[in-house]
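1. This is a predicted model, with the sequence first.
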Amino acid sequence: MRYRFAAVVSAVTFLACSGAEKQSAGAEAGATTSGVDLNGAGATFPLPIYSKWFSNYAEQTGVKINYGSVGSGAGIKQLSEQTVDFGASDGPMNDEELAAAKGGPVLHFPTVLGAVVITYNLPGVTTPLKLTGELIADIFLGKITKWNDARLVAENAGTTLPAQDILVVHRSDGSGTSFIFTDYLTAVSAAWKAGPGKGKSVAWPIGLGGRGNEGVSGSVKQTPGTIGYVELAYAKQNGLPAAHVKNAAGNVVEPTIASITAAAEGAIAQLGPNSDYRVSIVNAPGAQAYPISSFTWLLVYTNQADGAKGKKLVDFMRWMYTTGQQSAASLDYAPLPAALATQLTERLSSITGIAQ
Amino acid sequence: MGSTSIEGASSADRWYRIITTACALSIPLLLGFIALQVFVGAWPAFEKFGLSFLTGSTWDVGAGEFGAAPMIYGTVVSSVLALVLATPLALGVAIFLSEFAPPWLRQPVAFLVDLLAAIPSVVYGLWGIFVLLPVLREDVMPFLATTLGLGNTPLFSGPAYGNSMLAASVILAIMILPYISAVAREVLMAVPRAQREAALALGATRWEMIRDAVVPYARSGIIGGIILGLGRALGETMAVTMLIGNRAELSASLFAPGYTLASVIANEFAEASTEFHTAALMACGAVLLVVTLMVNMIARWLVGRVAREGR
């Protein structure tokens, strides 16, 4: 009997450890696959549109691009180590990360726009909730705890808000969605800036952590009185209610494809001529701009080590800024403003080391 | 060892021994290698935070402050509670199947219980979100807090959101049940027939026979099964992450959200970018490893004691 038990015990140690190891396995995936022309890795948020682009592009030109949606952080790491031909990220690389890149200077190319919407569960409330940045920050800071708080009621004239506790739900996994949301809160609230700040994972003062968009929306859908945030595409495809948010110009704006593109228009109007496009567009100016919007980027080395691959990459990106942009809205991503797409196409010529 | 083996067979014997030895050695080597990697990766965090990594309760990635006490607490509490919930049920199932079930029922029920172990963790998590959480929030938690009047005790206080330590423990209990019951069933069925017949011959009822002759005989094996379940619970990641609420805060209430070591790694590892964040997550892995080893050592000691008393 004791021998049988010894076997059981060694199995235990193994099982217990294996759970924790699972996550790291995916990080190296997608590095090299035979029969593929280009390899990329990074952000999960734009995966649906990137997949569509890569498959359409392969149909039209025969150039195969493999993309591993390993997360923005892992994408940056793999680009730095030169295990992929391009990276992708929901947040721009910081100066430290840029300096660490082994292949030299890295260029940021915005591809499409995404947005974060505030979703909620308030039975009986049929008109969309109206919120300001200050209110959202104070709710997520735990300063506003009741739905019928005087400040919420003042913003939502004509809507009867229940005398119910507010339950906050946030993302528990490190994500670009959380980064955009906290970037926005940092921009609009001094208290948020001094407190949790911005990041893919922050120390949330209150609330529950749900894993992924589905974790957050699962809690919000089921529990009356909850408020949470998810990606626009996810909210649209699942029919979740989305709050309208007051922008920098003072207008209360619904999150739509048009209002997100408008945010990019407002933001790029302020850019200098030689921008590196590592810009946050939260709380952007513009009368119709939805304030919780963001670019997502492709990360490309300025000096391409492999001329043939470099040419394929630049050709793809040129296609992406013309034909590709037209299919963005069908997957609930906002296309870049036309002027910006033109600017970025011109900027492709600054990539060097390309075979002619 | 095999010094007297026949001439022609000695080479085969030697090879057989070499191969099996290599197989046996590969496991401790692999385990040692994993442990080494984890500790090397975790070293910057241990060096910087020292003991406060184990005792601190602030986990703030932005500020670069990492204290894993809430995760350690959550890991141990959710696993132990899961064990408390699962063990009686699993033993009941095992005793029924080995002692009472008619043969036509035994196979199908055993098969169904074993099938629980084959369900992927993420499916348990989804089932938890859509079925278990509403039941807990609307029925079980109000029942505990209001109907039984336990709402004033620290264990069951606070608002009932659903996502909680309790939810994680319940899902873990369901997940580890098949492990405990399968092992317990096997060892109960392995109890010699003579043992049962002797008890019955002394005038024991069926229940007395099971209680006094069968279960004590199988005791160390049953505890082995329970420890297997505990090990499973300590390391379980996905289903727990989806239900526990992922809040790095020490709270006595089972209604409050919590966090576990495995969950924080699963949540944050993919997007960890600073050196200390990665190291802190590796350190969580190292602590999980040590907690698991300690639990196993305690269990071995316990089994050793029980086995001596039992015979």
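-> Arrived safely, thanks for sending. Numbering: from 1, shown residues only, chains lettered A, B, ... in the order given.

2. ranges for the helices of the stretch 51-200 of chain A?
-> With DSSP state H, counting those that start in this stretch, the ranges of helices along the stretch 51-200 of chain A come out as A:72-80, A:95-100, A:133-141, A:150-155, A:176-188, A:190-194.

3. Chain B: which of these is closest?
-> Taking C-beta to the nearest C-beta, helix A:72-80 is the member of the helices of the stretch 51-200 of chain A nearest to chain B, at 4.3 Å. All C-beta atoms are positioned from the backbone trio N, CA, C, and that covers glycine.

4. Buried deepest among the helices of the stretch 51-200 of chain A, which one?
-> Counting by mean count of other C-beta atoms under 10 Å in any protein chain shown, helix A:72-80 has the highest mean neighbour count of the helices of the stretch 51-200 of chain A, with a mean of 27.

5. wait, does that helix contact chain B?
-> Yes: taking C-beta under 8 Å from any C-beta of the partner chain as the criterion, helix A:72-80 and chain B are in contact, through A:S72, A:G73, A:A74, A:I76.

6. Quick check: mean pLDDT of that helix?
-> Averaged over helix A:72-80, pLDDT sits at 89.

7. what about that helix, distance to the chain center?
-> Put simply, helix A:72-80 sits 15 Å off its chain's centre (C-alpha atoms, centre = their mean, to the nearest Å).

8. what's the closest of the helices of the stretch 51-200 of chain A to B:G221?
-> helix A:72-80 (43.9 Å; C-beta to C-beta).

9. neighbouring contacts of that closest one?
-> A:27, A:31, A:40-44, A:68, A:70, A:84, A:86-91, A:93, A:97, A:100-103, A:106, A:174, A:176, A:200, A:299, A:301, B:270-273 (C-beta atoms under 8 Å, 6 or more residues apart in numbering or on different chains).

10. Quick one: buried ones out of these?
-> Buried by 16 or more other C-beta atoms under 10 Å in any protein chain shown: A:27, A:40-44, A:68, A:70, A:84, A:86-91, A:93, A:97, A:101, A:106, A:174, A:176, A:200, A:299, A:301, B:270-273, out of the contacts of helix A:72-80.

11. in chain A, which spans are strands?
-> Using DSSP state E, the strands assigned to chain A run over residues A:38-42, A:65-68, A:86-89, A:106-120, A:130-131, A:167-171, A:208-210, A:226-231, A:244-246, A:252-253, A:293-301.

12. Settle this for me: A:G207 is touching A:D165, isn't it.
-> No: the criterion here is C-beta atoms under 8 Å, and A:G207 misses it with A:D165 at 11.6 Å.

13. quick one, which of the two is more surrounded?
-> Higher neighbour count among A:G207 and A:D165: A:G207, with 24 against 13, using other C-beta atoms under 10 Å in any protein chain shown.

14. which residues sit in contact with that one?
-> A:F140, A:L167, A:V168, A:V169, A:H170, B:R247.

15. and which of those is nearest to B:A12?
-> Using C-beta to C-beta, the contacts of A:G207 come closest to B:A12 at B:R247, 60.0 Å.

16. Surely B:R247 forms part of a helix?
-> No: B:R247 is assigned coil when assessed by DSSP: H, G, I helix; E, B strand; the rest coil, not a helix.

17. how close does it sit to B:A299?
-> 30 Å (C-beta to C-beta, to the nearest Å).

18. got it, and A:V252?
-> Using C-beta to C-beta, one gets 60 Å for the distance from A:V252 to B:A299.

19. Thanks a lot, see you next time.
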